[in-house]
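**Student:** sharing a model that was predicted from the sequence below.
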Amino acid sequence: MSKIAVIGCGAVGLTSALELQNKFGSCMRVTIFADKFSPNTTSDIAAGLWEPYLLADNSEFDVFRWSSRTYRFILKLWQEGEAKAAGICLQPVVNLSALKNYSCPKWVAATIGYNELSDGCLQSFSELYGQSFTGGFMFISFTWEAAVFLPYLQAGVAVKCPQSLQCWLKSDEFFQQKFLKIGGIIKERHIGSLNELEEFDAILNCTGLEARRLSNDETVVPIRGQIIRAEAPWLYFTYVIQSELEDQTCYVIPNAKSAVFGGTQQKSFRTTVSSSDSQRILRNVHKLLPQIAQARILQEIVGLRPSRPKVRLEAEFFKLATGKIVPVVHNYGHGGAGITLSIGCAQDAALLIGKVLKITSSKL
């Protein structure tokens, strides 16, 4: 049995560890190492909306492939009645763009009920918001809230098999999806160096922003995201406004117990709340939805998105201090789309682990 270490227990790390267990079964013993767990991960701060966001120079092909797999996975859970337990809420999204070179993104084709907004609709929104929109579209998406789904995936009960986790069972069969239920191990421990993991046959690096240090990768940079959580139970639509200027960007994303207003896209390590950012966020949201003035503010918080020119999803052979060569698969740098890309990237990462260890799927 091969021993695999997964570093990180956020949306990317936990789904990657689960995919290893589901694909390779008794061939692998998977151990997750992390010093932060839900509700204290970066994933927990996010609103959890499925939508590719802040992905720098990643190819449209990869974004479509990874994000569509996650979309199908979430849809499957929703269809099987797991929405409440897994933190899933289906909702319509209105996406408006003031970008000069606007084009409808290719990934929209993976979603349910998408359509581009008419000129008349764009004009109405432009007058409401006080900005000229160059394009826009609507589609059906989900919020997948990390504060619910991370504990759900970590340990729990059997659910019907989501096809997009590469589990090709008949729809009436069940499998133990949750990580601890299928033999996974989770250890609370800070990994200061890959040299600490000499006992393992392979390492899966899902450390997000920490990859700057652990992998000496300075191309990973923090994109500061400040959000406001408010009590607004009358909201059922998500709105996303994209602009060349940060001062004009805006999003409103309903969650189960609050609504998330944002946001910022600043290259910065600063995690303190900025009053000027909060004022701008509320001003923009109020222009779009005047009834927001009635919403009670619950929380203001900042998270640092792990951005990179491209998601790093590749294998390398790392020489430890002892001279041992260990295969390391990297899966980090997802920008503002860690949850959106999580399942698709987890599948590719698991395949890479199997390839470097020369193990084929044994479970099914």
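**Tutor:** Arrived safely.

**Student:** which residues in the stretch 51-200 of the chain form strands?
**Tutor:** Applying DSSP state E, counting those that start in this stretch to the stretch 51-200 of the chain gives strands spanning 88-97, 112-116, 135-144, 159-160, 174-175, 185-188.

**Student:** what helices and strands are in contact with the second one?
**Tutor:** Meaning strand 112-116. Other helices and strands packing on strand 112-116, by 3 or more CB pairs under 8 Å, 6 or more residues apart in numbering; DSSP states H and E, are strand 135-144. Where you see a C-beta, it was placed from the backbone N, CA and C, and this is true even at glycine.

**Student:** so which bits of the strand it packs on are buried?
**Tutor:** Neighbour-count burial for strand 135-144, counted by 16 or more other CB atoms under 10 Å, picks out Gly135, Gly136, Phe137, Met138, Phe139, Ser141, Phe142, Thr143, Trp144.

**Student:** name the pair among the residues you listed with the greatest separation in space.
**Tutor:** The two members of those with the most space between them (CB to CB) are Gly135 and Trp144, at 26.3 Å.

**Student:** ok, back up a step: least confident of the strands of the stretch 51-200 of the chain, on average?
**Tutor:** Among the strands of the stretch 51-200 of the chain, strand 174-175 carries the lowest mean pLDDT, at a mean of 26.

**Student:** hmm, back to that, make CSV from the strands of the stretch 51-200 of the chain and add distance to Ala232 to it.
**Tutor:** Shown next, in CSV, are those (distance: least, CB to CB, whole Å):
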stretch, distance to Ala232
strand 88-97, 13
strand 112-116, 24
strand 135-144, 14
strand 159-160, 31
strand 174-175, 37
strand 185-188, 35
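
**Student:** out of those, the one nearest Arg305 is which?
**Tutor:** strand 135-144 (16.5 Å).

**Student:** roughly how far out does that closest one sit from the chain middle?
**Tutor:** Computed by CA atoms, centre = their mean, to the nearest Å, the chain-centroid distance of strand 135-144 equals 15 Å.

**Student:** just stretch 50-63 next, same as before
**Tutor:** Worked out by CA atoms, centre = their mean, stretch 50-63 lies 12 Å from the chain centre.

**Student:** give me the contact list for it.
**Tutor:** 67, 70-71, 74, 93, 95, 105-107, 141-144, 223, 240, 265, 305, 307-311, 334-337, 339-341 (CB atoms under 8 Å, 6 or more residues apart in numbering).

**Student:** mean confidence for that stretch?
**Tutor:** Stretch 50-63 comes out at a mean pLDDT of 88.

**Student:** may I see the buried residues of it?
**Tutor:** Going by 16+ other CB under 10 Å, stretch 50-63 has these buried residues: Trp50, Glu51, Pro52, Tyr53, Leu55, Asn58, Asp62, Val63.

**Student:** got the CA coordinates for it in PDB?
**Tutor:** What follows is stretch 50-63, C-alpha atoms only, in PDB (Å, rounded to 0.1, in the frame of the first residue of the first chain):
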ATOM      1  CA  TRP A  50     -19.600  28.400  -8.500                       C
ATOM      2  CA  GLU A  51     -18.200  30.800 -11.100                       C
ATOM      3  CA  PRO A  52     -14.700  30.900 -12.500                       C
ATOM      4  CA  TYR A  53     -13.200  34.100 -11.100                       C
ATOM      5  CA  LEU A  54      -9.800  35.800 -11.000                       C
ATOM      6  CA  LEU A  55      -8.000  33.100 -12.900                       C
ATOM      7  CA  ALA A  56      -5.300  35.200 -14.600                       C
ATOM      8  CA  ASP A  57      -3.900  33.500 -17.700                       C
ATOM      9  CA  ASN A  58      -5.300  30.000 -17.400                       C
ATOM     10  CA  SER A  59      -6.600  28.600 -20.700                       C
ATOM     11  CA  GLU A  60     -10.300  28.600 -21.500                       C
ATOM     12  CA  PHE A  61     -10.000  24.900 -22.200                       C
ATOM     13  CA  ASP A  62      -8.700  24.100 -18.700                       C
ATOM     14  CA  VAL A  63     -11.100  26.400 -16.900                       C
END
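
**Student:** can you pull up the most central residue in the chain?
**Tutor:** In the chain, the C-alpha nearest the mean C-alpha coordinate belongs to Ile339, at 1.4 Å (CA atoms, centre = their mean).

**Student:** not counting sequence-adjacent ones, nearest residue to that one?
**Tutor:** Of all residues not flanking Ile339 in the chain, Ala11 sits nearest, at 4.8 Å (CB to CB, 6 or more residues apart in numbering).

**Student:** re the thing from before, which of the buried residues of stretch 50-63 lies closest to Lys324?
**Tutor:** The closest of the buried residues of stretch 50-63, once distances to Lys324 are taken by CB to CB, is Asp62, at 31.9 Å.

**Student:** now the closest one: how far from Lys358?
**Tutor:** 25 Å (CB to CB, to the nearest Å).

**Student:** thinking again about what came up before, buried subset of the contacts of stretch 50-63 as a PyMOL selection?
**Tutor:** Of these, the buried ones go into a single PyMOL selection, burial set by 16+ other CB under 10 Å:
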select buried, resi 67+70+71+74+93+95+105+107+141+142+143+144+223+240+265+305+307+308+311+334+335+336+337+339+340+341
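
**Student:** among the contacts of stretch 50-63, which are in helices?
**Tutor:** Ser67, Thr70, Tyr71, Ile74, Ile339, Thr340, Leu341 (DSSP state H).
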